[in-house]
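J.: Below is the structure, and that's it, no one-letter string:
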């Protein structure tokens, strides 16, 4: 009888550990994919500058175009459909939401680089060496286990315009 109880305990511990590791793998993969997607989207958004102002030596982002390119990058890299919802059988189950966006460029009043960018409400503190696009995205983590974290994660991305 002792051996049966011990075997049941070992099997339960194995199942719990396996479920926990699967949940950690999915969570880590989601964080990594989201961060890589944000970096790629912000890179593309940072390249959307006003060509006429660039010829004059000023870097000014075309904000509407930059936002559209950023969303298109998320759509492609996170396997979202055209309305921003995740496709079937993909990692995400809920639509990512852009909760904050900002642009710091040569048209921003009172900015001289290096610039200390502080947005306390969004918990963003960064020294910018040049013009930058800033986004904050909220995504709900997928649940793989009954004890998985239920809630949203927020990811920030700050991408500076490549000056070199």
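T.: Okay, I see it. Since the structure is predicted, the reported quantities are computational estimates derived from the model, not experimental observations.

J.: Assumed residue 137 was part of a strand.
T.: Yes. Using DSSP: H, G, I helix; E, B strand; the rest coil, the assignment for residue 137 is a strand.

J.: Compute the number of surrounding residues for residue 131.
T.: 25 (other Cβ atoms under 10 Å). From N, CA and C alone the C-beta is placed, and that goes for glycine too.

J.: Next one, pLDDT for it please.
T.: We have a pLDDT of 92 for residue 131.

J.: What values do phi and psi take at it?
T.: Main-chain dihedrals, residue 131, degrees, to the nearest 10: phi -60, psi 140.

J.: my guess is it contacts residue 102, does it?
T.: No. Look at residue 131 against residue 102 with Cβ atoms under 8 Å: they stay out of range, at 11.5 Å.

J.: Any figure for the gap between residue 160 and residue 132?
T.: 4 Å (Cβ to Cβ, to the nearest Å).

J.: Next, show the common contact partners of the two.
T.: residue 46 (Cβ atoms under 8 Å, 6 or more residues apart in numbering).

J.: Same drill for these two, tell me which one is more crowded.
T.: Neighbour totals were compared for residue 160 and residue 132, and residue 132 leads with 23 against 19 (other Cβ under 10 Å).

J.: who's in contact with the more buried one?
T.: With Cβ under 8 Å, 6+ apart, residue 132 has these contacts: 46, 103-105, 117, 126, 158-161.
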